[in-house]
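Chemist: Okay, sequence plus prediction incoming.
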Amino acid sequence: MTALKPASAAVRYEDVVAFLEACSARQVPHVAKSLFEHLQGTYELLREWGSPFDVCHAGLCHALYGTDGLPVALLDVRTERPRLAGIIGADAEAQVYLYASCDRAHLYPQLGTGDDLSFRDRFTGATFVPARAAFAAFMELTFANELDMFRADPVLVEQHQATWGVRFDRSQQFVSEPAFAFFRRVFGGPERRQL
């Protein structure tokens, strides 16, 4: 993969990559590649879509605390949040935390039902309505995370038309035009998603 440079000199891409390597991200398997390669792929999509640099850096580190779909945590969410914030900045780290803390079974059924969605933190059990900007960044990161996996595997796309295809369709209002257009290229038009 081509290494893209971050949009901000405050956070150096090379420093974040070195940090991921020190956390053993290359050794963790993830779908058809390593977690490190997936994190880079997520970052690259966010950069291609013109996402703000803090969202891009959150994408590069989004699974370090583990996620609802990836039980492997490379950093302890209770004690190492300041460590990650020192590498990617406080705003990006807050987005990593929000992404990692999402109780997907609570959130996903709500997509497409309204603007103010209830979010449950799987680490604390707290339920809240996230700020619009934070939720938009969360959804942009969700699109990049999932589409990085789907873009390389048409069989996976076919298997998930009825779940992820529908979720993405229902989330158009929360993501950028480039993110939604990329989803359409990967998943095909509405007629294909209704199969």
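Modeler: Yep, it's here. Remember, it's a predicted structure, so these values are computed and weren't measured experimentally. Numbers count the residues shown, from 1 in each chain.
Chemist: Go ahead and report the secondary structure state at Ala181.
Modeler: What DSSP: H, G, I helix; E, B strand; the rest coil gives for Ala181 is helix.
Chemist: actually Ala94, not the one I wrote
Modeler: Going by three-state DSSP: Ala94 is helix.
Chemist: Restrict stretch 165-182 to CA atoms and write it as CSV.
Modeler: Only the C-alpha atoms of stretch 165-182 are listed here, as CSV (Å, rounded to 0.1, in the frame of the first residue of the first chain):
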residue,chain,number,x,y,z
GLY,A,165,-25.7,-2.8,2.2
VAL,A,166,-28.8,-1.8,4.0
ARG,A,167,-26.9,-0.2,6.9
PHE,A,168,-24.8,1.9,4.5
ASP,A,169,-27.9,3.0,2.5
ARG,A,170,-29.6,4.1,5.7
SER,A,171,-26.6,6.1,6.8
GLN,A,172,-26.1,8.4,3.8
GLN,A,173,-27.1,11.5,5.8
PHE,A,174,-24.2,10.9,8.3
VAL,A,175,-21.3,10.5,5.8
SER,A,176,-19.5,12.5,3.2
GLU,A,177,-20.4,12.3,-0.5
PRO,A,178,-17.1,10.6,-1.3
ALA,A,179,-17.7,7.9,1.4
PHE,A,180,-21.2,7.2,0.1
ALA,A,181,-20.0,7.2,-3.5
PHE,A,182,-17.3,4.7,-2.6
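Chemist: Show me what counts as buried in it.
Modeler: Residues 165-169, 171, 174-176, 178-180, 182 are the ones in stretch 165-182 that count as buried (16 or more other Cβ atoms under 10 Å). Using the backbone N, CA and C atoms, a C-beta is placed for each residue, glycine as well.
Chemist: Ok, stretch 75-87 next?
Modeler: Neighbour-count burial for stretch 75-87, counted by 16+ other Cβ under 10 Å, picks out Leu75, Val77, Glu80, Arg81, Leu84, Ala85, Ile87.
Chemist: which two of these lie the greatest distance from each other?
Modeler: Spatially, the most separated pair among the buried residues of stretch 75-87 is Val77 and Ile87, at 15.1 Å (Cβ to Cβ).
Chemist: related to what we said a few turns ago, turn the buried residues of stretch 165-182 into CSV, columns for pLDDT.
Modeler: CSV is the format used below for those (pLDDT from 0 to 100):
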residue, pLDDT
Gly165, 91
Val166, 91
Arg167, 91
Phe168, 93
Asp169, 92
Ser171, 93
Phe174, 93
Val175, 96
Ser176, 97
Pro178, 98
Ala179, 97
Phe180, 97
Phe182, 97
